[in-house]
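Peer 1: What follows is a predicted structure for the sequence shown.
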Amino acid sequence: MTTARAPILAGGLLTLGWLVVLLGTSAGSQGWQAWWVATADPVAQQIVWDIRLPRSLGAWLGGALLGLAGAVAQGLFRNPLADPYLLGSASGASLGVGVFLSLFGGIAGATSAWLGLGLTGAAFVGAVLAVVLTLVLARGVQQTLRLLLAGVVVGVVLGAVTSLMSMLQPQVLQAMQGFMLGSTAFVSWTACATLAGVLALCMALAWVFARVLDALSLGEATAQSLGVPLPLARMVLVGVISLATGAAVAHIGLVAFVGLAAPHLVRSLVRCTHAWRLWLSALMGGALLVLADVMARVLLAPQELPVGVLTAVLGGGYLLWRVYRDADTGARTGGGA
């Protein structure tokens with residue numbers, strides 16, 4: 001599929017996303033119940049409009065943020081294995097949640113409204129501080145490789161600190177399980193509004209620098225020879241990755257592989273510039289996460305699977321299949337040569 005067909009794919013993904021969101025309003029703990037039938041009962045109507053719909057819409061917005069962040073990260077670092085968590089944001093968010101639960105008494109403290117700060121705020125602050133630490137260690141954004149290595153180091157160190165905290169306070173580990181495994185169960189209309197605002201801002205900034213990502217695909221030396229403002233572009237794009245990832249993780253927890261798999265799926269379906277790839281990756285990420293969320297609710301109903309576990313299994317399986325297929329294709333090509 002060429003760039004000329006990218007608008008068709010975008011329309012298809014947008015339609016698929018909204019259809020799955022509507023499907024999510026019919027998926028509950030007791031199985032399937034059509035939303036238009038459920039609205040006949042006042043209690044069921046409240047469940048649909050105040051729980052299921054914001055949950056499904058929030059899942060789409062969170063997946064879109066992760067898909068966008070993954071496309072930006074893979075373009076900026078010129079690495080198809082780059083994901084939104086490579087700057088240490090995931091480990092920072094986990095540590096922020098752990099510190100908050102430790103200081104304010106686990107679940108009881110997490111549900112309080114101390115200065116308006118809860119698990120969401122703690123996760124977002126932790127993610128932002130982790131990225132800031134990565135930037136400090138990398139001495140800015142001038143060197144892409146150094147920034148990538150600093151992100152890996154920060155992620156490992158903060159992850160170790162979180163594990164140590166969990167060992168010393170087992171009640172914190174139990175309270176953190178929902179966040180660590182990913183969950184959309186507590187997404188509200190306020191969270192949806194926040195995610196939508198962050199998505200609009202990040203998409204606008206990333207789209208402005210889409211040509212920079214195209215130039216970087218040819219190499220940093222070539223991009224500099226073309227007069228691309230690399231320092232400014234790196235700073236803005238790192239900010240986009242951090243803000244998008246931090247907002248998504250703060251509201252839906254650590255959801256694996258969506259930010260990594262969405263750009264891969266887009267590249268396998270269409271060859272296009274980053275101006276289109278950013279939009280398509282966001283739409284793909286949103287559709288993937290809503291679909292996984294619906295499956296997590298109905299596969300073992302009335303029990304519910306953690307959506308992060310489901311995305312890890314499905315996304316990891318898809319990437320393994322891609323690696324196997326590409327290796328098999330390469331072996332056949334080499335043999336034929």
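Peer 2: Thanks, I have the structure now.

Peer 1: excluding its backbone neighbours, what's nearest residue 60?
Peer 2: With Cβ to Cβ, 6 or more residues apart in numbering as the criterion, residue 60 has its nearest non-adjacent residue at 4.0 Å, and that residue is residue 286. Yep, even glycine has a C-beta here, placed from its N, CA and C like the rest.

Peer 1: quick one: pLDDT of that neighbour?
Peer 2: Listed pLDDT for residue 286 reads 95.

Peer 1: number of nearby residues for it?
Peer 2: 31 (other Cβ atoms under 10 Å).

Peer 1: OK, contacts around it?
Peer 2: 17, 59, 60, 61, 63, 64, 67 (Cβ atoms under 8 Å, 6 or more residues apart in numbering).

Peer 1: ditto for residue 90
Peer 2: 127, 155, 245, 249, 254.

Peer 1: Looking at those, state which has the most neighbours.
Peer 2: residue 245 (34 neighbours).

Peer 1: so which strand or helix has that one?
Peer 2: Residue 245 is part of helix 230-252, with elements assigned from DSSP states H and E.

Peer 1: what helices or strands is that helix leaning on?
Peer 2: Using 3 or more Cβ pairs under 8 Å, 6 or more residues apart in numbering; DSSP states H and E, the elements in contact with helix 230-252 are helix 53-76, helix 89-103, helix 119-137, helix 144-168, helix 189-208, helix 210-216, helix 220-225.

Peer 1: Can you tell me which of those helices is most buried?
Peer 2: helix 53-76 (a mean of 29; mean count of other Cβ atoms under 10 Å).

Peer 1: send the alpha carbons of it over as PDB?
Peer 2: Output in PDB follows, covering the C-alpha atoms of helix 53-76 (Å, rounded to 0.1, in the frame of the first residue of the first chain):
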ATOM      1  CA  LEU A  53     -18.300   4.700  27.800                       C
ATOM      2  CA  PRO A  54     -15.600   6.800  29.500                       C
ATOM      3  CA  ARG A  55     -13.600   3.600  30.100                       C
ATOM      4  CA  SER A  56     -13.700   2.600  26.400                       C
ATOM      5  CA  LEU A  57     -13.100   6.200  25.200                       C
ATOM      6  CA  GLY A  58     -10.200   6.600  27.700                       C
ATOM      7  CA  ALA A  59      -8.700   3.300  26.500                       C
ATOM      8  CA  TRP A  60      -8.800   4.600  22.900                       C
ATOM      9  CA  LEU A  61      -7.200   7.900  23.900                       C
ATOM     10  CA  GLY A  62      -4.500   6.200  26.000                       C
ATOM     11  CA  GLY A  63      -3.700   3.800  23.200                       C
ATOM     12  CA  ALA A  64      -3.500   6.700  20.700                       C
ATOM     13  CA  LEU A  65      -1.000   8.500  22.900                       C
ATOM     14  CA  LEU A  66       1.100   5.400  23.200                       C
ATOM     15  CA  GLY A  67       1.000   4.700  19.400                       C
ATOM     16  CA  LEU A  68       1.900   8.300  18.700                       C
ATOM     17  CA  ALA A  69       4.800   8.200  21.200                       C
ATOM     18  CA  GLY A  70       6.000   5.000  19.800                       C
ATOM     19  CA  ALA A  71       6.100   6.400  16.200                       C
ATOM     20  CA  VAL A  72       8.000   9.500  17.400                       C
ATOM     21  CA  ALA A  73      10.500   7.400  19.400                       C
ATOM     22  CA  GLN A  74      11.200   5.000  16.500                       C
ATOM     23  CA  GLY A  75      11.600   7.900  14.100                       C
ATOM     24  CA  LEU A  76      13.800  10.000  16.500                       C
END
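
Peer 1: Show me what it is packed against.
Peer 2: helix 6-24, helix 189-208, helix 210-216, helix 230-252, helix 258-269, helix 274-298.

Peer 1: switch the cut-off to 10 Å
Peer 2: helix 6-24, helix 144-168, helix 189-208, helix 210-216, helix 230-252, helix 258-269, helix 274-298, helix 307-336 (3 or more Cβ pairs under 10 Å, 6 or more residues apart in numbering; DSSP states H and E).
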